[in-house]
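# Predicted model, plus sequence, below.
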Amino acid sequence: MKLMEGKRVVIMGVANQRSIAWAIAQSLHEHGAELAFTYQGERLEKKVKGLVEKEMPGSLCVSCDVTSDEDIKQAFEEIGRKWDRIDGLVHAIAFAKKEDLEVPFVETSRDGYALAQDISSYSLVASANAARPLMTEGGSIITLTYMGAERVIPNYNVMGVAKAALETSVKYMAYDLGRDNIRVNAISAGPLRTLAAKGVKDFNSMLHVVEERSPLRRGIDASEVGDTALFLASRLSRGITGEVIHVDSGYNIMGM
Ligand code: NAD
């Protein structure tokens, strides 16, 4: 059974084939979804278009730097010219300056704090608001978070605080958009080696702790996040909104 036949989903945040957004796109594509990709401007255009043309020809590709309201507006206008409706939005975008991830959290700079919030949290709000007029038959909005929002993960620092804001934004938006049958959920993924993960100091020990101490005694695979996103995008999850689902081999339940 194909769960996403006739459904159209916008995927924000593919940088390369290791991106979590790409694993999500693969799961949705296998289940028949039509996809539109947004990428972070010219620097990534060739890479993302190449990947999409090779593996998911016929998908839309649109530039969108989420620090710009104008870019977000134009991107969804462009998608709206090609599609009369969208059924899903996947937001897999985060950024913090390396220098802000290298100092103790208490030394975070004002502009570094604001930038991490802007790109990693506010961008979900702005994108959802731009996508909303196209979600005429309801829909599913999914974002990506990490356990560093709930507990202290050394070195995750300013990004943990941005993810806490992101998770709370999920709840407020779930309330706002629920009346239009638009659901909003987050997936809290265990550590995965991606481009974004390279910015976090001592990322390897985050991976090893999960491998050693999680209930499943292993790390996760990006396809497991992809399949959870498929569930959240499909009608199977129609009663779920405002939720954070952990895909982390169960690590978040542990006390030590
Ligand atoms: P990634 O580097 O592949 O993806 C991050 C994306 O954010 C990139 O595509 C990048 O272009 C985009 N981005 C950054 N600034 C942008 C801007 N101004 N405008 C538009 N796009 C911008 O890394 P990833 O690990 O796949 O990250 C995806 C999401 O998953 C992020 O929210 C990340 O925090 C989250 N996450 C990652 C892990 C992990 O261990 N890798 C764990 C939990 C959650």
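Everything's here; your move.
# longest helix of this structure?
Secondary structure of the chain per DSSP state H: the longest helix is helix 157-178.
# quick one: is the following helix or strand past that helix near the ligand?
Next helix or strand after helix 157-178 toward the C-terminus (DSSP states H and E): strand 182-189. Yes: using CB under 6 Å from any ligand atom, strand 182-189 reaches the ligand at Ala189. Any C-beta I mention is one placed from the backbone N, CA and C, and that applies to glycine too.
# Name the residues that touch the longest helix of the chain?
For helix 157-178, the surrounding residues in contact (CB atoms under 8 Å, 6 or more residues apart in numbering) are 94, 96, 100-101, 103-105, 108, 112-113, 116-117, 120-121, 124-125, 128, 132, 141, 143, 145-146, 148-150, 152-153, 183-186, 200, 241-244.
# interface residues of the stretch 51-200 of the chain facing the ligand?
Listed as neighbours of the ligand in the stretch 51-200 of the chain under the rule CB under 6 Å from any ligand atom: 65-67, 92-95, 119, 144-146, 189, 191-192, 194-197.
# same thing but at 8 Å, please
Proximity of the stretch 51-200 of the chain to the ligand, by CB under 8 Å from any ligand atom, involves residues 64-67, 71, 91-95, 119-120, 123, 143-147, 159, 163, 166, 187-197, 200.
# Give me the PyMOL select line for those, limited to the buried ones.
Here is the PyMOL command that selects the buried residues among those (16 or more other CB atoms under 10 Å):
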select buried, resi 64+65+66+71+91+92+93+94+95+119+120+123+143+144+145+146+147+159+163+166+187+188+189+190+191+192+194+196+197+200
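# Out of the residues of the stretch 51-200 of the chain next to the ligand, list just those in helices.
Asp71, Ser123, Met159, Lys163, Leu166.
# Next, format those residues as TSV and append distance to Arg217.
Formatted as TSV, these follow (distance: CB to CB, whole Å):
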residue	distance to Arg217
Asp71	43
Ser123	35
Met159	26
Lys163	25
Leu166	29
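# Can I get these in JSON lines including distance to Ala222 and pLDDT?
As requested, those are arranged in JSON lines below (distance: CB to CB, whole Å; pLDDT from 0 to 100):
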{"residue": "Asp71", "distance to Ala222": "27", "pLDDT": "98"}
{"residue": "Ser123", "distance to Ala222": "21", "pLDDT": "99"}
{"residue": "Met159", "distance to Ala222": "19", "pLDDT": "98"}
{"residue": "Lys163", "distance to Ala222": "18", "pLDDT": "98"}
{"residue": "Leu166", "distance to Ala222": "19", "pLDDT": "99"}
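# residue ranges for the strands of this structure, please.
8-12, 34-39, 60-63, 88-91, 139-145, 182-189, 244-247 (DSSP state E).
# so can I have TSV of those strands showing mean pLDDT?
Formatted as TSV, those follow (pLDDT from 0 to 100):
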stretch	mean pLDDT
strand 8-12	98
strand 34-39	98
strand 60-63	98
strand 88-91	99
strand 139-145	99
strand 182-189	99
strand 244-247	98
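# So which of those is nearest Pro215?
Taking CB to CB, strand 244-247 is the member of those nearest to Pro215, at 11.1 Å.
# Does that closest one pack against any helices or strands, and if so which?
If you count contacts as 3 or more CB pairs under 8 Å, 6 or more residues apart in numbering; DSSP states H and E, strand 244-247 packs onto strand 182-189, helix 222-233.
# Of these, flag the one that's most buried.
strand 182-189 (a mean of 24; mean count of other CB atoms under 10 Å).
# What lies in contact with that strand?
20, 128, 132, 135, 138-147, 149, 166-167, 170, 173-174, 177, 220, 225, 228-229, 232, 237-238, 240-248, 252.
# just the buried members of those residues?
By 16+ other CB under 10 Å, the contacts of strand 182-189 give 20, 128, 132, 135, 139-147, 149, 166-167, 170, 173-174, 177, 220, 225, 228-229, 232, 237, 241-242, 244-248, 252 as buried.
# Provide a list of residues in contact with Leu236.
Under the criterion of CB under 8 Å, 6+ apart, the neighbours of Leu236 are Leu3.
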